[in-house]
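> Turn this into a structure:
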Amino acid sequence: GFLNPNGVITGHIETPSGNPVQDAMVTLTPNMGRAAQFSPGDEAYIYYMDPETSLNRLFSGFEDNYTIETWFRSIHTDHVQTLFAAVDSLTTDHYVKLELLEDGYLHWQHNPTAGVTGTELTTVNPYSGFDEYGNASWHHVSCVFDELEMTMYVDGFIVGETIASGYIADQAEIVIGKSA
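From the prediction side, this is the model:
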């Protein structure tokens with residue numbers, strides 16, 4: 001079979017002699033490539049550092065339209081987990097934050113001014129925990145900021161949209177993963 005990015009295996013199962021196997025159930029855990037894992041309470045996170053200056057690299061691109069896209073799965077739901085953040089380099093206040101709340105809901109925050117609450121979008125369904133086989137499910141999330149409209153997609157479906165409060169004019173440091 002072929003492994004799709006959403007973890008679904010397509011194809012069929014055959015015996016060594018080539019006969020199809022009917023009603024067979026196979027559970028596979030997809031290998032999504034390289035993934036960062038953060039344990040609850042360890043406060044680990046990833047910053048992008050400039051190797052020439054040994055300082056955290058500043059990124060632009062949030063002043064216009066942007067998309068944040070990632071795969072995630074959550075086993076722990078007893079604390080907030082930051083999936084992505086764009087922060088002010090001096091104050092560490094957030095411009096953009098995508099997090100998985102302790103109850104499993106996704107929360108996206110877009111702040112034109114770091115540290116001043118702008119527009120927030122939270123899903124109506126949780127995306128954490130285990131499936132009926134005891135496996136944590138992988139989910140794909142895309143957060144699209146386009147012409148002041150915020151649209152969040154999970155697993156290809158629109159799960160929320162709203163009008164944003166403004167554009168971000170500053171450069172920001174990027175943070176991936178962290179307990180809030």
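
> Every contact and neighbour count from this point should use C-alpha atoms.
Will do.

> Quick check: the most centrally placed residue in the chain vs residue 58, distance?
For the chain, the residue sitting closest to the mean C-alpha position, by CA atoms, centre = their mean, is residue 70 at 4.3 Å. The gap separating residue 70 from residue 58 is 20 Å, by CA to CA, to the nearest Å.

> what's the answer for residue 135, then?
37 Å.

> Among the two, which residue is more densely surrounded?
residue 58 (17 against 14; other CA atoms under 10 Å).

> mind showing which ranges of this protein have poor pLDDT?
Scanning the chain for pLDDT under 70 picks out 1-16, 21-45, 75-77, 178-180.

> and with 50 instead?
Residue ranges of the chain with pLDDT under 50: 1-4, 30, 32.

> all helices in it, in order from the N-terminus.
Under the criterion DSSP state H, helices are not mapped anywhere in the chain.

> How many neighbouring residues does residue 92 have?
The burial count for residue 92: 14, using other CA under 10 Å.

> OK, contacts around residue 61?
Residue 61 makes contacts with residue 171, as judged by CA atoms under 8 Å, 6 or more residues apart in numbering.

> how much space between it and residue 81?
In terms of CA to CA, residue 61 sits 24 Å off from residue 81.

> Check residue 116 too.
20 Å.

> Looking at those two, which is more packed in?
residue 81 (25 against 12).

> Surely the more buried one touches residue 102?
Yes. In this structure, residue 81 is within contact of residue 102 by CA atoms under 8 Å, at 7.5 Å.

> Can you pull the residues that touch both of the two?
Overlap of the contact sets of residue 81 and residue 102 (by CA under 8 Å, 6+ apart) is empty.

> Give me the phi and psi for residue 105.
phi -80, psi 140 (degrees, to the nearest 10).

> residues near it, how many?
Under the neighbour criterion other CA under 10 Å, residue 105 is assigned a count of 17.

> quick one, what contacts the residue nearest to it when sequence neighbours are not counted?
Of all residues not flanking residue 105 in the chain, residue 126 sits nearest, at 4.3 Å (CA to CA, 6 or more residues apart in numbering). With contact set as CA under 8 Å, 6+ apart, residue 126 has these partners: 103-106.

> Kindly indicate which of the residues you listed lies nearest residue 164.
residue 106 (17.0 Å; CA to CA).

> Who is the closest residue in space to that closest one that isn't next to it in sequence paired with across the strands?
In space, and not counting its chain neighbours, residue 106 is closest to residue 100: 4.6 Å by CA to CA, 6+ apart. Beta bridges link residue 100 to residue 81, residue 106 when assigned by DSSP bridges.

> Could I have the CA atoms of stretch 124-138 written out in PDB?
Presented in PDB, the C-alpha positions along stretch 124-138 are these (Å, rounded to 0.1, in the frame of the first residue of the first chain):
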ATOM      1  CA  VAL A 124     -15.500  23.700  18.200                       C
ATOM      2  CA  ASN A 125     -14.100  20.100  18.400                       C
ATOM      3  CA  PRO A 126     -11.200  18.700  20.400                       C
ATOM      4  CA  TYR A 127      -8.200  17.100  18.500                       C
ATOM      5  CA  SER A 128      -6.400  15.100  21.200                       C
ATOM      6  CA  GLY A 129      -6.600  11.800  22.900                       C
ATOM      7  CA  PHE A 130      -6.700   8.200  21.600                       C
ATOM      8  CA  ASP A 131      -8.700   6.400  18.900                       C
ATOM      9  CA  GLU A 132     -10.600   3.200  19.500                       C
ATOM     10  CA  TYR A 133      -7.400   1.200  19.000                       C
ATOM     11  CA  GLY A 134      -5.500   3.200  21.700                       C
ATOM     12  CA  ASN A 135      -3.400   5.200  19.200                       C
ATOM     13  CA  ALA A 136      -3.000   9.000  19.300                       C
ATOM     14  CA  SER A 137      -4.300  10.300  16.000                       C
ATOM     15  CA  TRP A 138      -2.300  12.600  13.700                       C
END
